[in-house]
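In: From the sequence below, what's the structure:
(chains A and B)
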2 protein chains.
Amino acid sequence: MASTWFTEQHTASGSAVGYRVREKLADEQTPFQHIEIYATTDWGNLMVIDGCTMLTTRDNFLYHEMMTHPALYTHAAPKDVVIIGGGDCGTLRQVLRHPEVGHVAQIDIDERVTRLAEQYFPELCESNADPRAQLLFDDGIKYMAEAAPDSLDVVIVDSTDPVGPAEGLFNTKFYASCCRALRAGGILVQQSESPLVLLDLIQSMQREMRAAGFTTTRTLPFPQPCYPTGWWSTTLARKGGDLTRFREHDAADKPFQTRYYNVDIHRAALAQPEFMRTALAV
Amino acid sequence: MASTWFTEQHTASGSAVGYRVREKLADEQTPFQHIEIYATTDWGNLMVIDGCTMLTTRDNFLYHEMMTHPALYTHAAPKDVVIIGGGDCGTLRQVLRHPEVGHVAQIDIDERVTRLAEQYFPELCESNADPRAQLLFDDGIKYMAEAAPDSLDVVIVDSTDPVGPAEGLFNTKFYASCCRALRAGGILVQQSESPLVLLDLIQSMQREMRAAGFTTTRTLPFPQPCYPTGWWSTTLARKGGDLTRFREHDAADKPFQTRYYNVDIHRAALAQPEFMRTALAV
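Out: Sure thing, here's the model as predicted:
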């Protein structure tokens, strides 16, 4: 059998990442975007949105664990959480593993992402019926603009790249909505692209987060094979309080299993590669 | 201008990494392998051997820094160093930055790799005339088998994958040669592929290193965009002594600039992702 490959050629970085695929399982044009699902030979299922790889069955644990556990173990008592985007429900599942969490609202603009995840990534959706979870299909920018002040502990922005539908999630106005909605000590978490090729975006995100009222910011790098360069990052911003200390004892004693995150990896992710330390020094 | 891409489709992992290229600069069949050099649009020059990406100008600093500084700052006083492979001279350059090092022999079987590196990656070869450096073009397996016992402090195996010419560098017999040639406290360093897809190779390397006489082993993961999955590792084996402590004060005060490595990153690289911790527990 001749093998077929799906390869994302990432124009901005001049680099490509691809997977050997068996067949295409779904292909939908929604009102918001073009979603494709492939069965790969070695990476389980693969979701592609507007030509960009979103996740594979095999390596999504890296992203989902690093988008959630560092922030949740940094906050003293994360009770109310909002996820903007995150329609595949993988971030939601990780958040719900924390017993301190009382309520999580997930606001993704495109219900079809969730319906296709239920079908092709069922393990990511296994917690969707948790009574603490609320799945909304709506505009996340509007949701945060209308959120009650001082009502949230953690806001996680689990979106596509800062072009198209997600563009409005990467600016001072949106960050100001998040900052107002967070309680003191609250944390905003946002996926922040490849540290190697998009360091200028990370610099600008950190600058705009501080301009929006956050008192401290920190970018944590982690491996993510399915994204351009295979190296990704999450940027945290806090409304008062530190981002370099966390509940180490609780993280070491976590009441759930992980595949990447642990207390040592959390400490390790706070280390800044020399070129990031220089570029992000305030 | 239509863009052209060089994409390495990695059969073993069913994943691919590619670069947008402007032109092919060199194409040679040597007695040992097929070497190609491309000019890319965003990653500088790209060297490909037998269809596998070896390095790019833009991201080789990650690999070369992580193949050298952790071992050299773990050893108390690294004086005599051998590099097996490493024909592009990038590892040699990093080793020579350590003032404690008195002699480095680099043994690569294929002189053409070095000659092409001098032409297309001149920055990696800038230290080749250092009086402490000795460039040999010979069989590294034979070199280590004939090395005087207790004559070396650090042996760095900077080879291609464990197929073809490099196959004999990944087994107990070769490791036993290295162990015999190292002084007490000496360290063997070897590139050990992607922790996500080749964990069984890493397990087997650690097992064979210990069977060969090394008393402790440790695998350090690091990002490396140009290799399959973008996530790579180096495995260290020591002839007596620890691999989790290092000369932190010296590393913090290093008399040379780096782009990835620093004292925090060294500590961070010792953290084991949860799935590695479980799989590599002895």
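
In: Tally up the residues packed near A:Asp27, please.
Out: 11 (other Cβ atoms under 10 Å in any protein chain shown). Just so you know, the C-beta spots here come from the backbone N, C-alpha and C atoms, and that holds for glycine as well.

In: ok, for it, nearest residue in space, not its chain neighbours?
Out: Closest residue to A:Asp27 apart from its sequence neighbours, by Cβ to Cβ, 6 or more residues apart in numbering or on different chains: A:Glu36 at 5.2 Å.

In: pLDDT at the one you found, what is it?
Out: Note for A:Glu36: predicted pLDDT of 98.

In: Tell me what it is bridged to.
Out: Bridge pairing for A:Glu36 (DSSP bridges) gives the partners A:Asp27, A:Val48.

In: To what extent is it buried, counted in neighbours?
Out: Residues near A:Glu36, counting by other Cβ under 10 Å: 19.

In: from what I can see it touches A:Gln29, true?
Out: No - with contacts counted by Cβ atoms under 8 Å, A:Glu36 stays clear of A:Gln29, the gap being 10.1 Å.

In: which residues sit in contact with the residue nearest to A:Asp27?
Out: A:24, A:26-28, A:47-49 (Cβ atoms under 8 Å, 6 or more residues apart in numbering or on different chains).

In: Kindly report the same for A:Gly230.
Out: Residues near A:Gly230 by Cβ under 8 Å, 6+ apart: A:17, A:223-224, B:17, B:223-225, B:229-231.

In: Which members of these occur in strands, if any?
Out: A:17, A:223, B:17, B:223, B:231 (DSSP state E).

In: tell me which of the residues you listed is nearest to B:Phe170?
Out: B:Trp231 (19.2 Å; Cβ to Cβ).

In: Could I get the pLDDT score of that closest one?
Out: 97.

In: What of A:Ala281?
Out: Reported pLDDT for A:Ala281: 82.

In: What of A:Gly164?
Out: So, for A:Gly164, pLDDT stands at 71.

In: Now do the buried residues in whichever helix in chain A runs longest.
Out: Secondary structure of chain A per DSSP state H: the longest helix is helix A:199-211. For helix A:199-211, a neighbour-count test (16 or more other Cβ atoms under 10 Å in any protein chain shown) marks A:199, A:201-202, A:205-206, A:208-210 as buried.

In: Show me how far it is from its chain's centre.
Out: Centroid separation for helix A:199-211 versus its chain: 17 Å, with Cα atoms, centre = their mean, to the nearest Å.

In: so A:Arg132 touches A:Gln106, yeah?
Out: No - the criterion here is Cβ under 8 Å, and A:Arg132 misses it with A:Gln106 at 11.2 Å.

In: quick one, which of the two is more surrounded?
Out: Shown here are A:Arg132 and A:Gln106; by other Cβ under 10 Å, A:Gln106 has more neighbours (25 against 14).

In: before we move on, what SS does the more buried one have?
Out: Here A:Gln106 is strand, with the state taken from DSSP: H, G, I helix; E, B strand; the rest coil.

In: what bridges to it?
Out: Bridge pairing for A:Gln106 - DSSP bridges - gives A:Ile83, A:Leu135.

In: Just confirm it contacts A:Val81, I think it does.
Out: No - using Cβ under 8 Å as the test, A:Gln106 is too far from A:Val81 to be in contact (9.1 Å).

In: re earlier: which among the contacts of A:Glu36 end up buried?
Out: Neighbour-count burial (16+ other Cβ under 10 Å) is assigned, among these, to A:47-49.

In: Quick one: low-confidence residue ranges for the stretch 151-282 of chain A.
Out: Filtered on pLDDT under 70, the stretch 151-282 of chain A yields the residue ranges A:282.

In: Can you pull the residues of it lying near chain B?
Out: A:196-197, A:221, A:223-225, A:229-231, A:257-262, A:264-265, A:267-275, A:277 (Cβ under 8 Å from any Cβ of the partner chain).

In: 10 Å instead, please
Out: Within the stretch 151-282 of chain A, the residues that sit near chain B (Cβ under 10 Å from any Cβ of the partner chain) are A:194-197, A:221-232, A:257-278.

In: B:Ser194 versus the closest residue to chain B within chain A, what's the distance?
Out: Closest to chain B within chain A is A:Gly230: 1.4 Å, counting by Cβ to the nearest Cβ. Per Cβ to Cβ, to the nearest Å, A:Gly230 is found 9 Å from B:Ser194.

In: so what sits against both of those two?
Out: Counting by Cβ atoms under 10 Å, 6 or more residues apart in numbering or on different chains, the common neighbours of A:Gly230 and B:Ser194 are A:223, B:15, B:224, B:227-232.

In: Which of these ranks first by neighbour count?
Out: Highest neighbour count within the shared contacts of A:Gly230 and B:Ser194, by other Cβ under 10 Å: B:Ser15, with 31 neighbours.

In: how far away is that residue from A:Trp43?
Out: In terms of Cβ to Cβ, B:Ser15 sits 7 Å off from A:Trp43.

In: what do those two both touch?
Out: The overlap between the contact sets of B:Ser15 and A:Trp43 (Cβ under 10 Å, 6+ apart) consists of A:19-20, A:56, A:58-59, A:225-226, B:197, B:229.

In: Take the contacts of A:Gly230 and lay them out in a markdown table including distance to B:Glu126.
Out: Conversion of the contacts of A:Gly230 to a markdown table gives the following (distance: Cβ to Cβ, whole Å):
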| residue | distance to B:Glu126 |
| --- | --- |
| A:Val17 | 32 |
| A:Pro223 | 30 |
| A:Gln224 | 33 |
| B:Val17 | 27 |
| B:Pro223 | 24 |
| B:Gln224 | 22 |
| B:Pro225 | 23 |
| B:Thr229 | 30 |
| B:Gly230 | 27 |
| B:Trp231 | 29 |
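
In: Closest to A:Leu188 out of the residues you listed?
Out: The closest of the contacts of A:Gly230 to A:Leu188 turns out to be A:Gln224 (Cβ to Cβ; 19.9 Å).

In: which residues does that closest one contact?
Out: Contact analysis of A:Gln224 by Cβ under 10 Å, 6+ apart lists A:17, A:53, A:55, A:59-60, A:62-63, A:66, A:191, A:194, A:230-234, A:260, B:223, B:229-231.

In: now do 7 Å
Out: By Cβ atoms under 7 Å, 6 or more residues apart in numbering or on different chains, A:Gln224 lies in contact with A:59, A:62-63, A:230-232.

In: which other residues reach stretch A:198-218?
Out: A:162, A:170-172, A:175-176, A:179, A:188, A:190, A:192-193, A:195, A:219, A:233, A:235-240, A:242-244, A:279-280.

In: What of stretch A:237-252?
Out: By Cβ under 7 Å, 6+ apart, stretch A:237-252 touches A:73-74, A:179, A:182, A:184-188, A:209, A:213-218, A:236, A:263, A:266, A:270.

In: Likewise for stretch A:152-163?
Out: Residues contacting stretch A:152-163 (Cβ under 7 Å, 6+ apart): A:49, A:52, A:67-68, A:71-72, A:75, A:78-86, A:91, A:166, A:169-170, A:178, A:181-183, A:186-191, A:201.

In: Let me see the ranges of the strands in chain A.
Out: Under DSSP E, chain A gives strands at A:4-10, A:15-29, A:34-40, A:45-49, A:52-56, A:80-85, A:103-108, A:133-137, A:152-158, A:182-191, A:216-223, A:231-238.

In: Relative to B:Arg115, tell me which of these wins on proximity.
Out: Among those, strand A:15-29 sits nearest to B:Arg115 (Cβ to Cβ), with 27.3 Å.

In: Return the distance of stretch A:224-240 from the chain's centre.
Out: Taking mean C-alpha positions (Cα atoms, centre = their mean), stretch A:224-240 and its chain are 8 Å apart.

In: Nice, that's everything, thank you.
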